[in-house]
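Undergrad: Give me coordinates for this.
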Amino acid sequence: MVYSVAFRKAWPFYALLTAGFGAIPFLVREPLIWPAMLVGWGGMMVWMLLSRELLTRDHRLGIRLVRKKRFAEAIPRFEAAHAFMERHPWIDRWRSVVLLSNSGMSYREMALLNVAFCYSQIGRTPEAVGIYERVHREFPDNGLAITTLNMLRGL
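TA: As a prediction, the model looks like this:
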C-alpha cells in the first residue's frame, strides 16, 4: 500500500526517467548508445542539482542548521522555504519533474514539520503544537503530525 501511494505521487519522475533513457536507443545509432545515455544521465544530474540549488536553498540551509543543532536559526529558513512554495505551488506540485524529487511529502509539508520540530527542540512546545495542528489541518494524512501531536499532548 505504501509503495503504491508513493508511486502515484512520484509517477512523473519515473515517467521522465523511462522516457528519457528508453528513447535513447531509438534516437541514436547503436555505437553511440552508451555515450548518449551518459550524456542524458549527466543532463538530468545537472538539471537536478541546479533546480534544487536554485529552488530549495532555504530548505537545504535549514536542514544543515538542524544537523548542527542550531534549531532557532533553522526556523526562519524553513519558514522562508514554506513561503516560497506557497508563492510557487506548481514547483511543489510538479517536484518530481522540476526538482527530480520523488518524495511523497510536499516541500510545504516538510517545511512546516521542520518548523514544529525546531520549536519543540528549543522548548517552545505551545508553538510546536500549533504548527503540528496546522500540518494536521492542511495535510490530514500526515502520520508524523498526528503521532507527534499525541505525544506532545500526553506530556
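
Undergrad: rest of the way, CA atoms for contacts and neighbours
TA: Will do.

Undergrad: which regions of this structure lie under the pLDDT threshold?
TA: Within the chain, the stretches with pLDDT under 70 are 1-11, 13-14, 17-18, 20-38, 100, 155.

Undergrad: where do the helices sit along it?
TA: 2-27, 33-55, 57-67, 71-87, 89-93, 95-98, 107-121, 125-138, 143-154 (DSSP state H).

Undergrad: so can I have JSON lines of these showing mean neighbour count?
TA: Listed next are those as JSON lines, based on neighbours: other CA atoms under 10 Å:
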{"stretch": "helix 2-27", "mean neighbour count": "14"}
{"stretch": "helix 33-55", "mean neighbour count": "14"}
{"stretch": "helix 57-67", "mean neighbour count": "19"}
{"stretch": "helix 71-87", "mean neighbour count": "19"}
{"stretch": "helix 89-93", "mean neighbour count": "16"}
{"stretch": "helix 95-98", "mean neighbour count": "21"}
{"stretch": "helix 107-121", "mean neighbour count": "22"}
{"stretch": "helix 125-138", "mean neighbour count": "18"}
{"stretch": "helix 143-154", "mean neighbour count": "14"}
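
Undergrad: ok, residue 88 to residue 49 distance?
TA: Remark: distance between residue 88 and residue 49 (CA to CA, to the nearest Å) = 19 Å.

Undergrad: now residue 66
TA: Plainly put, residue 66 is 21 Å away from residue 49 if you go by CA to CA.

Undergrad: got a list of what the residue nearest the centre of the chain touches?
TA: Residue closest to the average C-alpha location in the chain (CA atoms, centre = their mean): residue 107, at 4.4 Å. Contacts for residue 107 (CA atoms under 8 Å, 6 or more residues apart in numbering) come out as 81, 82, 85, 92.
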